[in-house]
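S.K.: pasting the sequence and the predicted model now:
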Amino acid sequence: MALAADPQCIDPHQVPLTEALHVGRQLVDNLTYQDPQTGDIRPWIATSWNVSDESKRFTFNIRDGATFSNGEPVDAAAVAANIEDLHALGAKSPIGASYTVHFVSAEASDSHTVVVTFDSPSSQFLQATSMVTTGLLAPETLRQTPEERCTQIIGSGPFALESFQPNSAVKMVARPDYDWAADGFSHTGRSASDGIEFLVMPESGVRSGGLQSEQIDVDTDVQAQDEKVNEGQGLVLLSRPRSGMVYTLLPNEQSPRLADARVRNAISRGIDRKAFSDLLSSRETYSTSVLSASTPGYVDHFDSLSYDPGAAASALDAAGWSTTSNGIRSKDGEPLTLRFVFASTDARSNIYQLVQQQLRAIGVDLQLVPLASGANTEAQKSGDYDIVCWSLTRPDPEVLSTIFGVRSSNPNKRTDAGAIDLLLDQLAATTESESRLDIASAASREIIEQGHGIPLFEQSSIIGVSPDLDGVVLDASSRPNFYGARINR
């Protein structure tokens with residue numbers, strides 16, 4: 001299996017990188033499983049559960065017989081320790097922290113019962129228990145430091161970690177005793193293969209060539225320019241839209257140039273999203289909201305995103321940014337220059353270059369700053385940027401709370417709660433499905449109109465698979481699961 005980037009850290013509790021979660025998905029099980037077709041939450045390690053009327057108390061009944069790969073039981077105490085760990089990691093687990101906002105405790109009342117308590121409603125938590133980030137790790141692993149866990153973990157899933165060489169490979173072997181697949185899996189018992197290996201291959205052309213020559217069996221990140229060639233060679237492309245937040249520019253609202261919502265809105269109106277079509281896969285499209293169309297709660301808000309350079313220019317005029325002879329607007333002698341920080345391995349840089357050209361036409365100097373992986377991570381943690389671009393996969397509208405709440409990962413660097421926080425609090429407190437969808441739509445519009453997020457395009461997972469490989473499936477988060485995969489050659 002070829003990865004497009006180094007996973008950096010294979011502890012799913014910590015790192016939100018796509019490549020890390022691809023690896024983690026094979027090593028951990030979850031309390032619940034989300035059906036990729038219906039979105040329903042189904043049993044896995046938890047055989048059943050009860051949620052209090054106010055969504056403050058979740059009681060899970062834990063199955064018998066499941067173990068971690070070191071033989072420790074996956075019992076109520078281990079499950080409670082995992083949930084406590086997500087909360088205790090804090091900023092080291094940006095996604096896990098969003099799942100455990102208002103968390104009070106996780107307690108094992110007996111060996112088969114876990115009670116998780118929040119001090120405010122948390123209607124999103126049940127769905128969160130199906131995500132890779134909440135995957136179950138052995139108590140032996142939880143006792144290690146976060147740094148130690150980045151390279152060695154013991155999971156509950158069908159494969160056990162054999163080795164991890166950063167920037168090179170991750171190897172794992174099948175567990176002969178595994179027999180507790182989620183309700184809804186077509187394969188049961190031991191994994192269909194003896195083991196799998198992930199190889200780090202940043203160049204898309206190298207991955208495509210490796211797949212065609214049978215040096216690899218799976219390319220986990222097929223790029224648009226390689227699709228037709230792969231299909232012409234008889235390779236199989238599995239694809240599924242990624243639910244959650246689309247690829248979105250996130251302005252640092254502590255930046256003096258971006259503190260004004262009029263400037264943020266001008267940037268959004270200065271982007272012609274329909275022009276992305278030639279750069280995207282035929283399986284992808286430009287965004288019409290901050291949520292992808294496959295996400296519960298999605299509503300088309302393209303009326304607030306359509307290309308309008310005249311409106312963008314008027315907004316910049318009103319904000320005091322004047323045109324100059326070199327075409328770049330200025331205010332008080334300072335040019336409207338913005339540093340857009342992203343990873344140098346980001347395969348979407350061609351779209352960023354097009355955005356850069358489009359914004360220059362309205363007088364915005366968008367400086368593209370590609371950084372090596374570690375430097376990019378540090379810059380984003382410290383807020384050393386004007387703009388970053390994130391996407392986040394989660395088939396639930398609560399994905400907005402992970403990014404945009406003032407108490408969340410908050411790449412906007414907002415310091416005061418506002419209208420969006422009130423809406424996100426309402427979303428967390430509401431269990432009735434129709435009301436949740438209405439609140440999610442209102443929150444999406446608020447994010448767009450206040451320029452907290454500037455959506456670009458909807459991403460799909462596009463997985464290239466050898467025709468000799470059967471049984472690869474994409475889960476509800478569009479991540480490949482290799483539990484039932486088998487080579488037939």
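M.R.: All right, it came through fine.

S.K.: quick one, domains of the chain?
M.R.: 2-204+462-487, 245-458 (automatic domain parsing).

S.K.: let me see the contact set for the most centrally placed residue in the chain.
M.R.: Residue closest to the average C-alpha location in the chain (C-alpha atoms, centre = their mean): residue 392, at 3.0 Å. By C-beta atoms under 8 Å, 6 or more residues apart in numbering, the contact set of residue 392 is 16, 95, 244, 245, 399, 402, 403. The way it works is simple: take the backbone N, C-alpha and C, and place the C-beta from them, glycine included.

S.K.: can you count the residues close to the first one?
M.R.: Pointing back at residue 16 there. 18 (other C-beta atoms under 10 Å).

S.K.: let's verify the residue nearest to it when sequence neighbours are not counted: helix, strand, or coil?
M.R.: Sequence neighbours aside, residue 95 is the residue nearest to residue 16 in space, at 5.0 Å (criterion: C-beta to C-beta, 6 or more residues apart in numbering). Following DSSP: H, G, I helix; E, B strand; the rest coil, residue 95 is assigned to helix.

S.K.: residue 95 touches residue 17, doesn't it?
M.R.: No. Taking contacts as C-beta atoms under 8 Å, residue 95 lies outside contact range of residue 17: 10.6 Å.

S.K.: need the contact list for residue 82.
M.R.: Contacts of residue 82 by C-beta under 8 Å, 6+ apart are 13, 134, 136, 137, 142.

S.K.: adding secondary structure, write the residues you listed out as CSV.
M.R.: Below are those laid out as CSV (three-state DSSP):
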residue, secondary structure
13, coil
134, helix
136, coil
137, strand
142, helix
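
S.K.: just flag the most distant two among the residues you listed.
M.R.: 134 and 142 (13.2 Å; C-beta to C-beta).

S.K.: quick one: which of those two has more around it?
M.R.: Legend: neighbour count by other C-beta under 10 Å for residue 134 and residue 142, higher for residue 134 (26 against 18).

S.K.: and that one, what's its pLDDT?
M.R.: Listed pLDDT for residue 134 reads 97.

S.K.: rewinding a little: state the distance from the residue nearest to residue 16 to residue 390.
M.R.: Using C-beta to C-beta, to the nearest Å, residue 95 is found at 11 Å from residue 390.

S.K.: re the thing from before, need the buried ones from the contacts of residue 392 selected in PyMOL.
M.R.: Typed into PyMOL, the line below selects the buried ones among these, using 16 or more other C-beta atoms under 10 Å:
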select buried, resi 16+95+244+245+399+402+403
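
S.K.: any chance of the contacts of residue 392 in CSV, plus pLDDT?
M.R.: As requested, these are exported to CSV (pLDDT from 0 to 100):
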residue, pLDDT
16, 85
95, 90
244, 94
245, 96
399, 93
402, 89
403, 93
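
S.K.: immediately after the longest helix seen in the chain, which helix or strand?
M.R.: Identified as the longest helix of the chain according to DSSP state H is helix 433-449. On the C-terminal side of helix 433-449, the closest following helix or strand by DSSP states H and E is strand 454-458.

S.K.: for the residue nearest to residue 16, list the residues it contacts.
M.R.: With C-beta under 8 Å, 6+ apart, residue 95 has these contacts: 16, 131, 133, 392, 402, 409.

S.K.: those residues in strands, which ones?
M.R.: Counting by DSSP state E, the part of those found in strands is residue 392.

S.K.: out of the contacts of residue 95, who's nearest residue 165?
M.R.: Nearest to residue 165 among the contacts of residue 95, with distances taken as C-beta to C-beta, is residue 16, at 21.5 Å.

S.K.: so that closest one makes contact with residue 92?
M.R.: No. Contact criterion C-beta under 8 Å: residue 16 and residue 92 do not qualify, at 10.9 Å.

S.K.: thinking again about what came up before, the domains of the chain: which one's closest to residue 225?
M.R.: domain 2-204+462-487 (7.3 Å).

S.K.: got the end-to-end distance for that closest one?
M.R.: From its first residue to its last, domain 2-204+462-487 covers 16 Å (C-alpha to C-alpha, to the nearest Å).

S.K.: now, which of the contacts of residue 392 sits nearest residue 354?
M.R.: residue 245 (20.6 Å).

S.K.: you'd agree the closest one is in a strand?
M.R.: Yes. Checked against three-state DSSP, residue 245 lies within a strand.

S.K.: can you tell me, leaving aside adjacent residues, what's nearest to it?
M.R.: Closest to residue 245 by C-beta to C-beta, 6+ apart is residue 392, at 4.6 Å.

S.K.: equivalent analysis for residue 269, please.
M.R.: Nearest to residue 269 is residue 312, by C-beta to C-beta, 6+ apart, at 4.0 Å.

S.K.: quick one: mean pLDDT for the host helix or strand of the one you found?
M.R.: Assigned by DSSP H and E, residue 312 falls within helix 309-318. Average pLDDT, helix 309-318: 97.

S.K.: keeping just the C-alphas, turn that helix into PDB.
M.R.: Output of helix 309-318 as PDB, limited to C-alpha atoms (Å, rounded to 0.1, in the frame of the first residue of the first chain):
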ATOM      1  CA  PRO A 309     -14.900  40.300  -8.300                       C
ATOM      2  CA  GLY A 310     -16.900  43.500  -8.300                       C
ATOM      3  CA  ALA A 311     -18.400  42.800  -4.900                       C
ATOM      4  CA  ALA A 312     -14.900  41.800  -3.700                       C
ATOM      5  CA  ALA A 313     -13.400  45.100  -4.900                       C
ATOM      6  CA  SER A 314     -16.200  47.100  -3.200                       C
ATOM      7  CA  ALA A 315     -15.700  45.300   0.100                       C
ATOM      8  CA  LEU A 316     -11.900  46.000   0.000                       C
ATOM      9  CA  ASP A 317     -12.600  49.600  -0.800                       C
ATOM     10  CA  ALA A 318     -15.000  49.800   2.100                       C
END
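
S.K.: ok, then the element right after it?
M.R.: Downstream of helix 309-318 (by DSSP H and E), the next one is strand 330-331.

S.K.: what strands flank the helix or strand following that following strand, and is each parallel or antiparallel?
M.R.: Later in the chain than strand 330-331, the nearest helix or strand by DSSP H and E is strand 334-335. Counting by DSSP bridges, the strands paired with strand 334-335 are strand 330-331 (antiparallel).

S.K.: got the contact list for the partner strand?
M.R.: Taking C-beta under 8 Å, 6+ apart as the rule, strand 330-331 contacts 319, 320, 321, 322, 324, 336.

S.K.: tell me which two of the residues you listed sit farthest apart.
M.R.: 319 and 324 (15.1 Å).

S.K.: quick one, which of those two is more surrounded?
M.R.: Remark: of residue 319 and residue 324, residue 319 carries more neighbours, 18 against 12, as counted by other C-beta under 10 Å.

S.K.: ok so, going back, could I get the contacts of strand 330-331 as a markdown table with distance to residue 161?
M.R.: A markdown table is the format used below for the contacts of strand 330-331 (distance: C-beta to C-beta, whole Å):
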| residue | distance to residue 161 |
| --- | --- |
| 319 | 52 |
| 320 | 56 |
| 321 | 52 |
| 322 | 58 |
| 324 | 57 |
| 336 | 48 |
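
S.K.: buried residues in stretch 407-416?
M.R.: In stretch 407-416, counting by 16+ other C-beta under 10 Å, buried: 408, 409, 410, 411, 412, 414.

S.K.: just those residues now: which is nearest residue 60?
M.R.: So of the buried residues of stretch 407-416, ranked by how close each gets to residue 60 (C-beta to C-beta), first place is residue 408, at 24.8 Å.
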